[in-house]
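K.L.:
Whatever this is, show me its structure:
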Amino acid sequence: MIMIDTFVSFDPRSWPLCLHFLSLGIFYKSYILYNTRKETEARKKGDPELIYHTHNHKDETSVGKIQKRVILARLVYGMYDRFRGKPANECQEWWTMVHYHPLPLESILTEDEIKTYARELRKERKHQYFGVFLRNKECPSSVAPDWVVAIRGTEPVALPDLHNDLKIVLEMLHTSSLSRLLEAVIRRLGAEHGYSNVCVTGHSLGAAAGLLVCRRLALKGCPVESHFFNPPFATLESLVRSCGRIMTSVLSEKFMAICVNALEELYEAGNHMRDKVLHAVGDADRRSKALAEFKALAAAKWSPYLYLNEHDLVCSEYLSHFNNTAHKSVDEDWKKWYSPVTEIYRNFLGDPETFHLIPAAVLCTIKKYPVRRVSAHMLWNWMDPDIQYEVNQTKLV
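P.N.:
The predicted structure is shown next:
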């Protein structure tokens, strides 16, 4: 009787909202199932025995690039599965099959560093963002790096990950415990084993943290080999542009025109306000510093590998960044090396650190449109040894 009364008293106006949440739940569940299936396929396609002994490619250089890409992707996947609480044998399979073994972070750092970064180490044990791997002597691949630092990306169910994602947008990722500990570990590895023997790789959030730290090291004259899968170019400005592209693809032309015009007016108003703020705070010194860092990075000849998908809204802005069609000098085209929007909130949040504006990179770009748009950001795309992508060495300076 109670159940009947409850059903009868149910407000019919709530049905649309219930159906909305139900559809979101079904979409999320289908996405999880689809992603799980693709990850299983990726594990099979990235079978090291097939990769190491492949004869489907014309030259050893191509085979070497495939081997390195799959090896690094496997190590990052191992970090994902470790955080997800997968059985130990499943996690270990990711790295043992490519002849690597992990080392505890405490074995890398000195006793003083362990004390200095005690808080960060406690957080890392809880969130399990990254691992340090040493190549076994019997590794058959000559391109496999001796030392690899592999960093996982965002897990939607982990609130600290979402918090770090917000820091990426606000260009405040350098304040995270992840970035502080990551830099300490990479610096120690470089000091002990040589920076040329260290490789840093990551996906999504992990790519952003790795790019931030490796950029810092390059500015200090200690560049390390860097391979980043789907690194975010997700500043406030880029998010506005991405929203415009989404609107273009899903809205009717008439309604879209109205919305786009409104966004443009809002954006122009924001630029006007920004210019006033910039004039008020006097940003000449910060601009000069940003340009000097940009040129110093170019002089260091640090050129990270960025694995992109032109249909991935998270990372596709890198293609625009390196598209030097404006035919301006570096000094004139300040958007390539300076992020002015951060001046609006720097007095509230502290000094930002822009890490995505870099002068050179090796762009590995997938151009094929994915079956599902969201899948363009997934790491399993790069596990396929036969995936078709373009490679371009790009320089802005």
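K.L.:
the strands in the stretch 1-150 of the chain, which residues?
P.N.:
Counting by DSSP state E, counting those that start in this stretch, the segments of the stretch 1-150 of the chain that form strands are 100-103, 130-135, 147-151.
K.L.:
Out of those, the one nearest residue 311 is which?
P.N.:
Across these, the minimum distance to residue 311, taken as Cβ to Cβ, is reached by strand 147-151, at 23.5 Å. Placement of C-beta: from N, CA and C, glycine included.
K.L.:
Neighbouring strands of the closest one in the sheet, and parallel or not?
P.N.:
Using DSSP bridges, the neighbouring strands of strand 147-151 in the sheet come out as strand 130-135 (antiparallel), strand 198-203 (parallel).
K.L.:
if you compare the strands of the stretch 1-150 of the chain, which one is most tucked away?
P.N.:
Of all the strands of the stretch 1-150 of the chain, strand 147-151 carries the top mean neighbour count, a mean of 26, counting by mean count of other Cβ atoms under 10 Å.
K.L.:
any weak-confidence spans in the stretch 51-200 of the chain?
P.N.:
By pLDDT under 70, the weakly predicted segments of the stretch 51-200 of the chain are 51-63.
K.L.:
What segments of it are helices?
P.N.:
For the stretch 51-200 of the chain, the helices defined by DSSP state H, counting those that start in this stretch occupy 60-83, 88-96, 105-108, 111-116, 118-127, 159-169, 177-193.
K.L.:
from memory residue 184 sits against residue 106, does it?
P.N.:
No - the criterion here is Cβ atoms under 8 Å, and residue 184 misses it with residue 106 at 11.8 Å.
K.L.:
In terms of neighbours, single out the busier of these two.
P.N.:
More neighbours surround residue 184 than the other of residue 184 and residue 106, with 21 against 13 (other Cβ atoms under 10 Å).
K.L.:
Let me see the contact set for the more buried one.
P.N.:
With contacts taken as Cβ atoms under 8 Å, 6 or more residues apart in numbering, residue 184 has the following neighbours: 109, 113, 116-117, 120.
K.L.:
Of the strands of the stretch 1-150 of the chain, which is nearest residue 39?
P.N.:
Nearest of the strands of the stretch 1-150 of the chain (Cβ to Cβ): strand 147-151, 16.1 Å.
K.L.:
between that closest one and helix 60-83, how big is the angle?
P.N.:
Taking axes from the mean of the first three to the mean of the last three Cα atoms, to 10 degrees, one finds strand 147-151 and helix 60-83 inclined to each other by 50 degrees.
K.L.:
Specify the angle between strand 147-151 and helix 88-96 in degrees.
P.N.:
Compare the direction of strand 147-151 with that of helix 88-96 by the same axes, to 10 degrees and you get 130 degrees.
K.L.:
Pull the distance from strand 147-151 to the chain's centre.
P.N.:
In this view, strand 147-151 has its centroid 14 Å away from the chain centroid, taken as Cα atoms, centre = their mean, to the nearest Å.
K.L.:
where along the stretch 251-397 of the chain do the helices fall?
P.N.:
According to DSSP H, counting those that start in this stretch, the helices that the stretch 251-397 of the chain contains are 253-281, 284-300, 317-321, 346-349.
K.L.:
Take the strands of the stretch 1-150 of the chain and write them to JSON lines, including distance to residue 285.
P.N.:
Converted to JSON lines, the strands of the stretch 1-150 of the chain look like this (distance: least, Cβ to Cβ, whole Å):
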{"stretch": "strand 100-103", "distance to residue 285": "42"}
{"stretch": "strand 130-135", "distance to residue 285": "34"}
{"stretch": "strand 147-151", "distance to residue 285": "33"}
